[in-house]
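1. Below is the structure, and that's it, no one-letter string:
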């Protein structure tokens with residue numbers, strides 16, 4: 001199982017939009033688990049100037065094989081023009097949990 005899981009980070013403009021997207025990702029079977037992390041402050045460069053925003057962070061667990069479907073789902077249902085979708089490999093973890101991720105995101 002090592003190396004087959006991903007943690008994907010996505011920010012959302014509100015708690016409501018974060019929860020809606022998280023629920024959709026779970027129902028679509030592209031995510032095994034989504035943590036909605038309370039308000040974070042984001043500082044970023046956008047359209048030629050420095051910006052900041054309060055956002056909610058989604059920490060999504062999925063498999064490498066489902067990442068592209070997850071990315072497409074986020075882009076299609078996200079309110080931002082350019083949503084953050086960053087995947088980090090899971091280098092190691094509790095083997096039963098990693099196996100559960102794989103089972104949970106299999107296409108229904």
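-> Sure, I can see it. Everything numeric here is computed off the predicted structure, so don't read it as measured data.
2. what ranges of this structure fall below the confidence cut-off?
-> 1-3, 107-108 (pLDDT under 70).
3. outside of the longest helix anywhere in the chain, which residues touch it?
-> Taking DSSP state H as the assignment, the helix of the chain that covers the most residues is helix 15-27. By CB atoms under 8 Å, 6 or more residues apart in numbering, the residues outside helix 15-27 that reach it are 10, 12, 31, 33-34, 36, 39, 56-58, 60, 70, 73-74, 77-79. Every residue, glycine included, has its C-beta placed from N, CA and C.
4. can you do 10 Å?
-> 8, 10-12, 14, 30-39, 55-60, 62, 66, 69-70, 73-74, 76-80, 83, 104-105, 108 (CB atoms under 10 Å, 6 or more residues apart in numbering).
5. now do stretch 43-55
-> Here stretch 43-55 has contacts from 10-15, 17-18, 37, 39-42, 80-82, 84, using CB under 10 Å, 6+ apart.
6. which residues in this structure form helices?
-> According to DSSP H, the helices that the chain contains are 15-27, 67-77, 95-104.
7. want to throw these into TSV with distance to residue 4?
-> Shown next, in TSV, are the helices of the chain (distance: least, CB to CB, whole Å):
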stretch	distance to residue 4
helix 15-27	18
helix 67-77	11
helix 95-104	6
